[in-house]
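got a predicted structure here, sequence first:
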Amino acid sequence: MPELKLDRITKQFKNKIAVDNVSLNLHEGVYGFLGANGAGKTTLLRMICGVLKPTFGEIRCNGIEIGRLDGDYRYLLGYLPQDFGYYPDFTAKRYLEYLAACKAVPKDLVKEKVQEMLRLTDLTGSQKNKIKTFSGGMLRRLGIAQALLNDPEILIMDEPTSGLDPKERIRFRNMISSLSKGRIILLSTHIVSDVEFIADEILIMKQGRIIEHGTVAEVTNSVNGKVWEYLAEPAKALQMNEAFPVSNLKNEGEKVRLRLVSDSCPIEGASMASPGLEDVYLYHFEEVSEHVDHVERRTL
Ligand SMILES: Nc1ncnc2c1ncn2[C@@H]1O[C@H](COP(=O)(O)OP(=O)(O)OP(=O)(O)O)[C@@H](O)[C@H]1O
């Protein structure tokens, strides 16, 4: 069973600290890695994959620094980068066969493995088509297929669901759940529902740091008492939508039901609601202070 240990990982690009002193222990399970654009997710994932060297800190796989493992580490690893490279004139089948060879999949298993991956990603019917004819969703699925070719024990996927339609997203989630045994799976996304139901642990990254880490229940608990619902007249609902991070607006007859996050009761008559992961995300990435100051809030 693989184990990854990140020890004070830091990456600095000129004046920019993209990843700031991150320490983590990753073991078997699915990790949902959430953060807004620019939080540092891609930079951290690239370091975990050995594509980028940390400015400071060390990453160890089963106790050995990954740079020292070199090829052995790559055999353990499946990586779907945000933009993966492919040859547009290759067919999907040829591309996967080519990559299987690069990843040292045993020769007698290549055909079978490629067909298995095409089936898993619903690309069997398009396997003879050139990649340049693929839609965004098909390309993403091909990327997922290539990441899984070598049956990796460590699977790192950067925004794996971008470009997938809702049906493909569900299929992807089910696939990840079915693959989770005996592997470390790390999925970065800014779409909460991609990971809410399949992640064993959630990591939330902001400005290069991991600001929350725990099970969905633990992370969700951090906004307990900060999620509110209020049934408002339409004009008031508009005003509150401007003033607070609102996760949901729903018409109820003539009125509008709002769900929002706020450190204190946003308005007389608002009731506390039980939080979800979406509320945690909203709390961290659309902070109340960016919307309205305390004086304005009291006058609502
Ligand atoms: N090669 C680079 N040179 C300079 N700055 C960089 C480089 N790569 C990333 N950065 C900066 O580091 C910060 C983190 O970027 P990163 O791509 O890791 O974030 P992210 O959370 O993956 O966001 P996104 O989802 O938009 O990719 C950003 O401010 C980005 O501009």
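It's in.

who's in contact with V192?
Listed by CB atoms under 8 Å, 6 or more residues apart in numbering, the contact partners of V192 are 34, 277-278, 281. From N, CA and C alone the C-beta is placed, and that goes for glycine too.

tell me which two of these sit farthest apart.
L34 and E278 (10.3 Å; CB to CB).

mind checking which of the two has more residues around it?
L34 (28 against 18; other CB atoms under 10 Å).

doesn't Y281 make contact with the more buried one?
Yes: using CB atoms under 8 Å as the test, L34 is close enough to Y281 to be in contact (6.1 Å).

residues shared between the contacts of the two?
192, 204.

ends of stretch 119-135, how far apart?
Its first and final residues considered, stretch 119-135 spans 17 Å by CA to CA, to the nearest Å.

so what's M117 closest to, chain neighbours aside?
Excluding the flanking residues, the one nearest M117 by CB to CB, 6 or more residues apart in numbering is A145, at 4.0 Å.

which ones are touching the one you found?
Residues near A145 by CB under 8 Å, 6+ apart: 92, 96, 117-118, 120-121, 123.

want to throw those into TSV with distance to I210, pLDDT and neighbour count?
Shown next, in TSV, are the contacts of A145 (distance: CB to CB, whole Å; pLDDT from 0 to 100; neighbours: other CB atoms under 10 Å):
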residue	distance to I210	pLDDT	neighbour count
A92	36	95	28
L96	34	95	26
M117	32	94	26
L118	36	95	20
L120	31	89	17
T121	30	90	24
L123	35	94	20
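
quick check: the residue nearest the centre of the chain vs R46, distance?
Using CA atoms, centre = their mean, the residue of the chain that lies closest to the mean C-alpha position is S188, 2.2 Å off. Separation of S188 from R46 (CB to CB, to the nearest Å): 11 Å.

follow-up on the earlier one: what is the most widely separated pair among the contacts of A145?
Farthest pair in the contacts of A145 (CB to CB) is A92 and L120. Separation: 12.7 Å.

okay, and the beta partners of the residue nearest to the centre of the chain?
S188 has the following beta-bridge partners by DSSP bridges: F33, D158.

surely it touches E159?
Yes: the pair S188 / E159 is scored as a contact, 6.0 Å apart, by CB under 8 Å.

re the thing from before, in strands, which of the contacts of V192 appear?
L34 (DSSP state E).

and which of the contacts of V192 is nearest to the ligand?
For the contacts of V192, the residue nearest the ligand by CB to the nearest ligand atom is L34; the value is 9.6 Å.

check contacts around that closest one.
So L34 contacts 188-190, 192, 195, 202-205, 281 (CB under 8 Å, 6+ apart).

ok, now which ones touch T215?
Per CB under 8 Å, 6+ apart, neighbours of T215: 200-202.

reformat those residues as a markdown table; add secondary structure.
Converted to a markdown table, those look like this (DSSP: H, G, I helix; E, B strand; the rest coil):
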| residue | secondary structure |
| --- | --- |
| D200 | coil |
| E201 | strand |
| I202 | strand |
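
of the residues you listed, which is the most crowded?
That'd be I202 among the contacts of T215, by other CB under 10 Å, with 25 neighbours.

tell me the spacing between that one and the ligand.
15 Å (CB to the nearest ligand atom, to the nearest Å).

now swap in Q239 and tell me
Distance from Q239 to the ligand, by CB to the nearest ligand atom: 31 Å.

show me the domain layout of this structure.
For the chain, the TED database gives the domain ranges 4-215, 223-296.

buried set for stretch 11-22?
11, 17-20, 22 (16 or more other CB atoms under 10 Å).

could the residues you listed go into TSV alongside secondary structure and distance to V51?
Below are the buried residues of stretch 11-22 laid out as TSV (DSSP: H, G, I helix; E, B strand; the rest coil; distance: CB to CB, whole Å):
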residue	secondary structure	distance to V51
K11	strand	12
I17	strand	19
A18	strand	14
V19	strand	13
D20	strand	19
V22	strand	16
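
going by distance to the ligand, which of the residues you listed wins?
Using CB to the nearest ligand atom, A18 is the member of these that lies nearest the ligand, at 3.3 Å.

so the closest one touches G208, yeah?
Yes: using CB under 8 Å, A18 is in contact with G208, at 5.7 Å.

what do the two both touch?
What both A18 and G208 touch, as defined by CB under 8 Å, 6+ apart, is the set G40.
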